[in-house]
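Engineer: 3D, please:
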Amino acid sequence: MTPDPYPLQRGAGLALWRQIAASLEATIRNGTHRPGARLPTEAELSTRFAVNRHTIRRAMEELEGRGLVRIEQGRGSFVAEDVLDYPLGPRTRFSEIIRAQNREPAGRVLRMAEVPPEARIAELLGLRRGRTVLQVERLALADGRPLAIGLHHFPAQRFPQMAALLREDASITRALAACGVPDYRRKSTRITARMPTAEEAALLQQSRARPLLVSEALNIDSEGEPVDATITRYAAGRAQLVVEP
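Structural biologist: Below is the predicted model of the structure:
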């Protein structure tokens, strides 16, 4: 077993959980535990430091709060990966952004349904009362790790083939091209933050104690007509949104 950077000093006036957090941080900083690596279990750390699991849990919560580790319910604790820069500009394309940072993009459609739009979505898309949207929820991954959940809204009457295309290929860009929109650009973006739901945390493989970055975006075609209103939820511990002019 790799020796601890420094042993616990009991009775020294410094809480044991803080000392354990400092010891684990040192192993992360010196490369003993690399980004993405699974950390020892609570039981293993409890034995190693001769403390109870509550003390270990408090130390791990401290490291998670500082963005050094991520805790996945049912899977364990992992060293946090480097945060990915995700530029938001006139041409925001997920696959291009991920590949530009030497990572492999992937995506899968979670669900699709033709539904009446919420008021905000109808406003963004300029839809009249009675019109529907194809709502598509899609999980985006980088190197196999969940990065974001996108909730897309396409005017259903304009894109009747969209659902069938996305069942064959999860690429939004290729589906729009097949529907006669070879290029599109972002007209507006609004960014907020909130805590995840239980489902979002599970899909993104993150703790419910970590926030999400949420962007509301409107994409338009070359004629300025709305084609997609999207609400995307990013795992804040893995993505840093960079707004470009």
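Engineer: going forward, measure contacts between C-alpha atoms and count neighbours the same way
Structural biologist: Fine.
Engineer: the helices in this protein, which residues?
Structural biologist: Ranges of helices in the chain, per DSSP state H, are 16-29, 42-49, 53-65, 94-100, 119-125, 162-168, 172-178, 198-204.
Engineer: Just give the closest residue to W17, not the sequence neighbours.
Structural biologist: With C-alpha to C-alpha, 6 or more residues apart in numbering as the criterion, W17 has its nearest non-adjacent residue at 4.8 Å, and that residue is A59.
Engineer: Next: L125.
Structural biologist: Among residues not flanking L125 along the chain, P226 sits closest, at 5.4 Å (C-alpha to C-alpha, 6+ apart).
Engineer: what's near enough to touch the one you found?
Structural biologist: L124, L125, G126, L218, N219, I220 (C-alpha atoms under 8 Å, 6 or more residues apart in numbering).
Engineer: residues near the fourth one, how many?
Structural biologist: Around L218 there are 22 other residues, counting by other C-alpha atoms under 10 Å.
Engineer: hang on, it packs against I231?
Structural biologist: No. Counting by C-alpha atoms under 8 Å, L218 sits too far from I231 to count as a contact (9.0 Å).
Engineer: will you turn the helices of the chain into a markdown table that also has distance to L147?
Structural biologist: As requested, the helices of the chain are exported to a markdown table (distance: least, C-alpha to C-alpha, whole Å):
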| stretch | distance to L147 |
| --- | --- |
| helix 16-29 | 22 |
| helix 42-49 | 26 |
| helix 53-65 | 17 |
| helix 94-100 | 10 |
| helix 119-125 | 23 |
| helix 162-168 | 20 |
| helix 172-178 | 16 |
| helix 198-204 | 7 |
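Engineer: what's the closest of those to P35?
Structural biologist: Closest approach to P35 among the helices of the chain (C-alpha to C-alpha): helix 16-29, 8.0 Å.
Engineer: Pull out the buried residues from that closest one.
Structural biologist: Using 16 or more other C-alpha atoms under 10 Å as the test for burial, helix 16-29 gives 16-28.
Engineer: same question, stretch 138-151
Structural biologist: R138, L139, A140, L141, A142, P146, L147, A148, I149, G150, L151.
Engineer: Okay, domains of the protein per the record?
Structural biologist: 16-79, 84-243 (automatic domain parsing).
Engineer: Student question: in the chain, what's the helix or strand with minimum average pLDDT?
Structural biologist: Ranked by mean pLDDT, DSSP states H and E, the helix or strand of the chain with the weakest confidence is strand 69-72, at a mean of 81.
Engineer: can you pull the contacts of D85?
Structural biologist: Residues in contact with D85 (C-alpha under 8 Å, 6+ apart) are A239, Q240, L241, V242.
Engineer: partner residues bridging it?
Structural biologist: D85 has these beta-bridge partners by DSSP bridges: Q240.
Engineer: pLDDT averaged over stretch 219-232, what's the number?
Structural biologist: Averaging pLDDT along stretch 219-232 gives 96.
Engineer: just stretch 155-174 next, same as before
Structural biologist: Across stretch 155-174, the average pLDDT comes to 94.
Engineer: Tell me the buried residues in that stretch?
Structural biologist: P155, A156, F159, M162, A163, L165, L166, A170, S171, I172, T173.
Engineer: now swap in stretch 178-193 and tell me
Structural biologist: Neighbour counts over stretch 178-193 (16+ other C-alpha under 10 Å) mark Y184, R185, R186, S188, T189 as buried.
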